[in-house]
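# just coords:
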Ligand SMILES: Nc1ncnc2c1ncn2[C@@H]1O[C@H](COP(=O)(O)OP(=O)(O)OP(=O)(O)O)[C@@H](O)[C@H]1O
Ligand SMILES: [Mg+2]
């Protein structure tokens with residue numbers, strides 16, 4: 001059981017970031033699998049990678065390395081909220097030049113006690 005339309009925001013944010021990272025030419029792979037009691041979705045791009053000095057800040061609200069007007073710095077924190085708070089999962093990443101991998105882990109058999117949708 002999952003909140004499908006909320007998860008669509010997650011995939012959109014991660015794929016948007018991958019598209020930005022490859023600057024128009026490159027390769028983006030989306031993969032899915034099951035690991036133990038988790039559904040795993042990963043999005044991998046072959047862009048230049050995330051510099052080590054900014055890796056610890058990725059999930060901070062409004063943290064962006066993009067030009068004013070092209071990034072608000074909210075995509076990952078919103079995605080993390082949906083995955084962690086709403087589904088009890090986690091987002092992890094690893095990055096080096098030429099390969100950045102975001103992995104979303106969602107538990108399969110979870111007790112259904114997620115909070116209701118926030119009011120708009
Ligand atoms: N695949 C990636 N490759 C390289 N850097 C990335 C990647 N994904 C995220 N980042 C870095 O993480 C930062 C934060 O990402 P986040 O999605 O939260 O915000 P944003 O993309 O800058 O703006 P937006 O709110 O429009 O999504 C980005 O500005 C970028 O520096
Ligand atoms: Mg983004």
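That came through, no problem. This structure is a prediction, so every number in the text was calculated from the model and none was measured. Ligands and ions are numbered 1, 2, ... in the order given.

# by proximity to ligand 1, which residue of this structure wins?
As assessed by Cβ to the nearest ligand atom, ligand 1 sits closest to residue 75 within the chain, at 2.5 Å. C-betas here are computed from N, CA, C, even on glycine.

# what sits against the closest residue in space to that residue that isn't next to it in sequence?
Closest residue in space to residue 75, ignoring its immediate chain neighbours: residue 13 at 3.8 Å, by Cβ to Cβ, 6 or more residues apart in numbering. Residue 13 makes contact with 75, 76, 78, 79, according to Cβ atoms under 8 Å, 6 or more residues apart in numbering.

# which of those residues sit farthest apart?
Maximum pairwise distance among these (Cβ to Cβ): 7.3 Å, between 76 and 78.

# which of those two has more neighbours?
Taking residue 76 and residue 78 together and counting by other Cβ atoms under 10 Å, residue 76 has the greater number of neighbours (22 against 15).

# tell me which element the more buried one is part of?
helix 75-80 (DSSP states H and E).

# ok, and what's touching the helix or strand following that helix?
Following helix 75-80 in sequence order, the next helix or strand is helix 87 (DSSP H and E). Contacts to helix 87, defined as Cβ under 8 Å, 6+ apart, come from residues 2, 3, 7, 106, 107, 110, 114.

# give me phi/psi at the most centrally placed residue in the chain?
What sits nearest the mean C-alpha location of the chain, by Cα atoms, centre = their mean, is residue 14, with 4.6 Å. Dihedral angles of residue 14 (phi, psi; degrees, to the nearest 10) stand at phi -70, psi -40.

# hang on, isn't it packed against residue 102?
Yes - counting by Cβ atoms under 8 Å, residue 102 is a contact partner of residue 14 at 5.1 Å.

# between these two, which contacts overlap?
Common neighbours of residue 14 and residue 102 (Cβ under 8 Å, 6+ apart) are residue 43.
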